[in-house]
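**Q** Please find the sequence and the predicted model below.
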Amino acid sequence: MPVSLPYLEEHLYNTHQVPRDGSSACWAVAEAEDARICGTVCRDLAGIVTHVKTVHLKVYQSQCGFCLKWYSRPDSLKRHTDTCPS
């Protein structure tokens, strides 16, 4: 199921009381053995939503047309395609 930005914003606000503006911290629990809270801090809710989608949910949106690897963010794909050996 694709996860939309508005859905994640509402979920973070309603379920985890992440403020809609201002600095926000990621309270997702890392999947490590010690189950630490992630704690990544972003400038705003949109940054947290991007962080959760790319780091915790592993949502991939862009594919390299040469080697077919998937990337979660367009800037990651751009960096990759500048040096892709394929």
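**A** Structure's in. What do you need?

**Q** can you give me the helices in the chain?
**A** Secondary structure of the chain, counting by DSSP state H: helices at 5-16, 45-51, 74-81.

**Q** of all those, which gets the most neighbours per residue?
**A** helix 45-51 (a mean of 19; mean count of other C-beta atoms under 10 Å). Every residue, glycine included, has its C-beta placed from N, CA and C.

**Q** what's the neighbour count on residue 67?
**A** By other C-beta atoms under 10 Å, 11 other residues sit near residue 67.

**Q** can you tell which of the helices of the chain is closest to residue 66?
**A** Residue 66 lies closest to helix 74-81 among the helices of the chain, at 7.1 Å (C-beta to C-beta).

**Q** Please name every helix or strand in contact with the closest one.
**A** Helices and strands touching helix 74-81, by 3 or more C-beta pairs under 8 Å, 6 or more residues apart in numbering; DSSP states H and E, are strand 62-63.

**Q** Which other helices and strands does the strand it packs on contact?
**A** In terms of contacts (3+ C-beta pairs under 8 Å, 6+ apart), strand 62-63 is packed against strand 70-71, helix 74-81.

**Q** For my notes, please list the helices of the chain in TSV and give distance to residue 64 and mean pLDDT for each entry.
**A** Formatted as TSV, the helices of the chain follow (distance: least, C-beta to C-beta, whole Å; pLDDT from 0 to 100):
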stretch	distance to residue 64	mean pLDDT
helix 5-16	24	74
helix 45-51	20	79
helix 74-81	6	90
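
**Q** Pretty sure residue 56 sits against residue 38.
**A** Yes. The pair residue 56 and residue 38 passes the contact test of C-beta atoms under 8 Å, sitting 7.3 Å apart.

**Q** which of the two has more neighbours?
**A** Shown here are residue 56 and residue 38; by other C-beta under 10 Å, residue 38 has more neighbours (18 against 15).

**Q** can you put the helices and strands packed on strand 62-63 in TSV and add distance to residue 13?
**A** Formatted as TSV, the helices and strands packed on strand 62-63 follow (distance: least, C-beta to C-beta, whole Å):
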stretch	distance to residue 13
strand 70-71	28
helix 74-81	25
